[in-house]
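Engineer: build me a structure from this.
(2 chains)
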Amino acid sequence: MSVQALIDILEADDRLSGWQVREQHKRSTQLFLNKDREEARRSVEGLSYEVEVLVTRKAAVPGSKEKRWATGNARVTVDPGAIGRFKHDLETMIASAELVHNEAYAMAEVTGVVPKVALDEPALMADAEAQLAQGSEQLRRAAAAEKGVRLVAAELFADRYRTRYFNSQGVNCLYESGLISGEFCLLADSPQGETEVFKAFKRRRLMDLGLDAMVAAAAEQSRRRLKAVLPQSGTFDVVFSGEALDHFFSWCLTQASAAAKYNKMTQAEIGQALVEPAPGATPLNLYHNALLPWAVGSYKVDPSGTLGCRRNLIENGVLKARVANSRYAQYLKCPATGELGNVEVGAGKESAAELLKPRDGKPLYHLSDFSYFEPNGVTGEFSTEIRFGEELGSGKTIKGGSVSGLSQAVLKTARFSSETEQREKYLGPSYIRCEGLTLAGD
Amino acid sequence: MPKAEPKDLDFNKLEAQLATLVEAMMKKVPYASALAIRREGTRVSVSSTQSAVTPELPSAGVVFTAYNGESFFEASTNRLDNESLARCADDLADWTASRKPKAVKPLDMGPALRQAFELPVKIDPSSWSLKQKMTQAEGLHARLKAASPAVKNATAIVGDLLTEELFVNPVRRLRQKLWRVDEVMQVLVSDGQRTQMLWDGLSNGGGYEHLGFCAPRVKGLVADAERLLTAKRIQPGFTTIVTDPEWSGMLAHEAFGHGTETDMYLKDRAKGREYMGKRVASDLTSLDDDPTFPGQAATFYFDHEGAPARRNAIIENGILTHGMTDWNSAHYLGYERSANGRRESWERKAYARMTNTFFRPGKSKPADIIASVDDGYYLRYASNGMEDPQGWGIQCEGLWAEKIHKGKLTGEVFSPVILTGFVPDILQSISMVGDDLEITGLGYCGKGHKEIVKVTMGGPHLKFTARLA
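Structural biologist: Here you go, the predicted structure:
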């Protein structure tokens, strides 16, 4: 039996107000290195069908005799061996959906032509083993070229997906995509001790990983960490770069999220200034972008059937639009953008060199590696242990201690570099200078 | 509700089939095994804005493992028809046999075992209808909403998960059936200016007899969330700290849980290896990893590599005594195997992973610990942490630090709070250990930034010094 068998059953059931099926065939090749030994190698093949049904009917409004239209949904994953019993499972799904009386909504409609966006690199799709061999060789060679460090562990995964999406509104999309991901760990030794630098990565093309440069930077970081000290304690300006950029705008994204608005996690309204830039600060311009070629967050159609797009969410610090999947777009009566893809942020006017200059004789910290950096989307608060940084001016390498702040306050005075970079799901300034953050160190 | 149909995946039939395939693989490679994992369950979520009933249909996959004398090779699939399984096993055996090892190191398969296990359940979750589960969640949600006008959104979750696992190698045939239930509550409160979220709940091994944990805690949770609306930012610095059992558990997990996963030893990525048999904590401190602990969410009978579960004493009175092994690292390090070879799913590799990890209780009354502090903070509501086993750094985050002054809680609350420091410094500063023990199962654990598995963590109240910010 095939996906068509599922669709036939769903189409024939007039109790459903909507349905969608997402068939995904995944093939994964995984390589695990322990120093110079191949510790393990794995291959995975999985086929699954994610099915969601909607049941819409009139239901009593709590506390009154009035009835209103309400929708219940149920989403399940069906194994390939279970298609034969799907008629039975559909009864369970409908029973589940009928217990739920959410505000009514429908499946995503066809809103245009399925966008073209590069997700499937031919070399990866054709031969994952060869990509892993090339990547692991690149890692080993790059590490061997670095003095004072050694590669102690690495993992490389090559994942290939073939996805078919169908829904009751006529959306029908087939696409292939690839991901190459992994991690490596370098260890630097000296008579004073050892330090490690761990890097995780994910891209759609091996070439975009820049493994040589990544290993070189990690090696330099690893060597410098041998002599690292704690930062001073107090309030200082900080320049963020590297992995801090991946989640730096989490609070802004929650403010712009239709789901967060509907669930009362934000009170921000369209047209409201989220960030009012102080003189000299870079005005915040932030986009949802699902169409960035080869970016990990890009897609043709999101899991709820909305076609990928690029949308300006925050313009000069003012909330302009919301990122909304089909359901929340209907609830908030705003255009659907699809689920959050990549975050694109407008660059600033100053060069990185300018941002990295200390002022007024006060220490300036450049921090790029953390235990885990992600501001709280609701409160905007962040606090993280520092894994690597530099006290500019003195040239001291920093490790340990923590940096804390409040996103909405920090963004008022933040200055973005004119240099930009593309990361896993981020395209934007490479350096962000923030004023008055709290460091806890020596 | 329709009457349940017979399960598609018959474990009796599968066991016989996997045994035959493993036997065939053993003709080509020095070692082979198979693991089948099947999961199904239900999750009901009721919030002020929307609800969901999510049945998790039975889903299963199989992992074949083969060893060529040096490395482990695996193939996984969820195509469980005879032909697909046979092809998967056969291709893997051929591939493995073609990879000639540089040096052969035979595996010790241990004694023969053939047993089926089932975690005790008093109230079988499958005996409850979806409607009953929904009613349970709706009741909890109503209590949360009614607790205060400041509650802008509240979510109540009731869930259950049945995991069935089957392990087959030339000397072992093991089966286990593990139920887990979750009851979780979360509130979002606002005073119009600030917004805060706070949560509590349980995740336990067993059945619906565990439900009812949340209801008596609703008022306290909402009151605490409202207090967070006026919480101040803490002044960074070194200070005396008292942790509640949840915070103690996070410390156990991040400090010496990850630091004693022996696959990290093998890669020179954990300092623990150098400290085996040495002092790493004050002599008041003992820490266990115990997959046999009754009724916990990470309790099981054998791990994903067929090692029988047993308690593993990691730290005894301050001395680091044992690590947590997966088979590969135990094999190459010459350590006795512990039951810590765990996988996220049939799609993923087994690594050395924690199970139920906790500090053992000591002799002090929690009230006496608070009373002993002249100036310091009482930490509650742990949220997340991150380890650095090689550098022995630690980051633990939480939402609540209450000032203690002259042995009394002052009511002055600071939030959020981050604890950082050098693990041996922190653990050697432990000066009082409570006589209480609580374990929380709400957490999950990643290896690096992936490989998420269910773990629990806990301990008694602890007193120590560390850097807070």
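
Engineer: tell me the contacts of the residue in chain B positioned nearest to chain A?
Structural biologist: At 3.2 Å from chain A, B:Pro236 is the closest residue in chain B, using CB to the nearest CB. Placement of C-beta: from N, CA and C, glycine included. For B:Pro236, the contacting residues are A:Ser233, A:Ser402, A:Ser404, A:Thr438, A:Leu439, A:Ala440, B:Arg467, B:Leu468, B:Ala469, by CB atoms under 8 Å, 6 or more residues apart in numbering or on different chains.

Engineer: run through the residues of the stretch 201-350 of chain A sitting next to chain B.
Structural biologist: Neighbours of chain B within the stretch 201-350 of chain A, by CB under 8 Å from any CB of the partner chain: A:Ser233, A:Tyr262, A:Asn263, A:Lys264, A:Met265, A:Thr266, A:Gln267.

Engineer: just the buried ones among the residues you listed, please.
Structural biologist: In those, burial by neighbour count holds for A:Ser233, A:Tyr262, A:Asn263, A:Lys264, A:Met265, A:Thr266, counting by 16 or more other CB atoms under 10 Å in any protein chain shown.

Engineer: B:Asp268 and A:Leu187 touch, don't they?
Structural biologist: Yes. Using CB atoms under 8 Å, B:Asp268 is in contact with A:Leu187, at 5.8 Å.

Engineer: spit out the residues that contact those two alike.
Structural biologist: A:Val152, A:Glu194, B:Gln390.

Engineer: can you redo these as a markdown table with secondary structure, neighbour count and distance to B:Ala382?
Structural biologist: Converted to a markdown table, these look like this (DSSP: H, G, I helix; E, B strand; the rest coil; neighbours: other CB atoms under 10 Å in any protein chain shown; distance: CB to CB, whole Å):
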| residue | secondary structure | neighbour count | distance to B:Ala382 |
| --- | --- | --- | --- |
| A:Val152 | strand | 23 | 30 |
| A:Glu194 | strand | 18 | 29 |
| B:Gln390 | coil | 22 | 23 |
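
Engineer: B:Leu333: which of these is nearest?
Structural biologist: Closest approach between the shared contacts of B:Asp268 and A:Leu187 and B:Leu333, by CB to CB: A:Val152, at 14.7 Å.

Engineer: distance-wise, check the closest one relative to B:Ala330.
Structural biologist: 19 Å (CB to CB, to the nearest Å).

Engineer: likewise for B:Phe64?
Structural biologist: 21 Å.

Engineer: A:Pro122 too?
Structural biologist: Taken as CB to CB, the span from A:Pro122 to B:Ala330 is 42 Å.

Engineer: quick one, which of these two is more surrounded?
Structural biologist: B:Ala330 (24 against 9; other CB atoms under 10 Å in any protein chain shown).

Engineer: what's in contact with the host helix or strand of the more buried one?
Structural biologist: Per DSSP states H and E, B:Ala330 falls inside helix B:327-333. Helix B:327-333 has contacts (CB under 8 Å, 6+ apart) with A:39-40, B:72, B:105, B:107-108, B:262-263, B:265-266, B:305, B:307, B:325, B:335-338, B:341, B:350, B:352.

Engineer: tell me the mean pLDDT over stretch B:248-256?
Structural biologist: Averaged across stretch B:248-256, the pLDDT comes to 91.

Engineer: got the CA coordinates for that stretch in CSV?
Structural biologist: C-alpha atoms of stretch B:248-256 as CSV (Å, rounded to 0.1, in the frame of the first residue of the first chain):
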residue,chain,number,x,y,z
SER,B,248,20.8,19.3,43.5
GLY,B,249,19.8,16.9,40.8
MET,B,250,20.8,19.3,38.1
LEU,B,251,24.2,19.7,39.8
ALA,B,252,24.5,15.9,40.0
HIS,B,253,23.6,15.5,36.3
GLU,B,254,25.8,18.3,34.9
ALA,B,255,28.7,18.0,37.3
PHE,B,256,29.4,14.3,37.6
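
Engineer: tell me which parts of the stretch 351-469 of chain B are close to chain A?
Structural biologist: Neighbours of chain A within the stretch 351-469 of chain B, by CB under 8 Å from any CB: B:384, B:386, B:388, B:390-391, B:393-395, B:397, B:415-418, B:420, B:422, B:448-450, B:467-469.

Engineer: got the contacts of B:Pro236 as JSON lines, with pLDDT columns?
Structural biologist: Shown next, in JSON lines, are the contacts of B:Pro236 (pLDDT from 0 to 100):
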{"residue": "A:Ser233", "pLDDT": "92"}
{"residue": "A:Ser402", "pLDDT": "89"}
{"residue": "A:Ser404", "pLDDT": "92"}
{"residue": "A:Thr438", "pLDDT": "93"}
{"residue": "A:Leu439", "pLDDT": "94"}
{"residue": "A:Ala440", "pLDDT": "89"}
{"residue": "B:Arg467", "pLDDT": "90"}
{"residue": "B:Leu468", "pLDDT": "92"}
{"residue": "B:Ala469", "pLDDT": "88"}
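
Engineer: just the ones of those residues in strands?
Structural biologist: A:Ser402, A:Ser404, A:Thr438, A:Leu439, A:Ala440, B:Arg467, B:Leu468 (DSSP state E).

Engineer: you'd agree the fifth one is up against B:Val417?
Structural biologist: No. In this structure A:Ala440 lies outside contact range of B:Val417 using CB under 8 Å: 10.9 Å.

Engineer: what's the overlap in contacts for the two?
Structural biologist: B:Leu468, B:Ala469.

Engineer: and the contacts of helix B:327-333, which are buried?
Structural biologist: A:39-40, B:72, B:262-263, B:265-266, B:305, B:307, B:325, B:335, B:337-338, B:341, B:350, B:352.

Engineer: for A:Ala12, state which of those is nearest.
Structural biologist: B:Ala350 (43.4 Å).

Engineer: that closest one and B:Met264, how far apart?
Structural biologist: 14 Å.

Engineer: next: B:Ala142.
Structural biologist: B:Ala142 is 47 Å from B:Met264, by CB to CB.

Engineer: who's more crowded, those two?
Structural biologist: B:Met264 (28 against 14).

Engineer: isn't the more buried one up against B:Met324?
Structural biologist: No. Counting by CB under 8 Å, B:Met264 does not reach B:Met324; the two are 9.7 Å apart.

Engineer: now for those two: what residues contact both?
Structural biologist: Contacts common to B:Met264 and B:Met324, judged by CB under 8 Å, 6+ apart, are B:Ala352.

Engineer: residues in contact with the residue of the stretch 301-442 of chain A found nearest chain B?
Structural biologist: Across the stretch 301-442 of chain A, the shortest distance to chain B (CB to the nearest CB) belongs to A:Ala440, at 3.2 Å. With contacts defined as CB under 8 Å, 6+ apart, A:Ala440 is in contact with A:Ser233, A:Gly401, A:Ser402, A:Ser404, B:Pro236, B:Gly237, B:Thr420, B:Arg467, B:Leu468, B:Ala469.

Engineer: what's the nearest residue to it if we skip its chain neighbours?
Structural biologist: B:Pro236 (3.2 Å; CB to CB, 6 or more residues apart in numbering or on different chains).

Engineer: low-confidence ranges in chain B?
Structural biologist: The model of chain B has pLDDT under 70 over residues B:1-8.

Engineer: so B:Glu183 is in which element?
Structural biologist: strand B:172-190.

Engineer: and the next element down the chain from that strand?
Structural biologist: From strand B:172-190, the next helix or strand downstream (DSSP H and E) is strand B:195-205.

Engineer: okay, angle between that following strand and strand B:172-190 too, please.
Structural biologist: Counting by axes from the mean of the first three to the mean of the last three CA atoms, to 10 degrees, strand B:195-205 points 160 degrees away from the direction of strand B:172-190.

Engineer: now the helix or strand just after strand B:195-205, how far from the centre of its chain.
Structural biologist: Scanning forward in sequence from strand B:195-205 by DSSP H and E, the next helix or strand is helix B:218-228. How far helix B:218-228 lies from its chain's middle: 26 Å, per CA atoms, centre = their mean, to the nearest Å.
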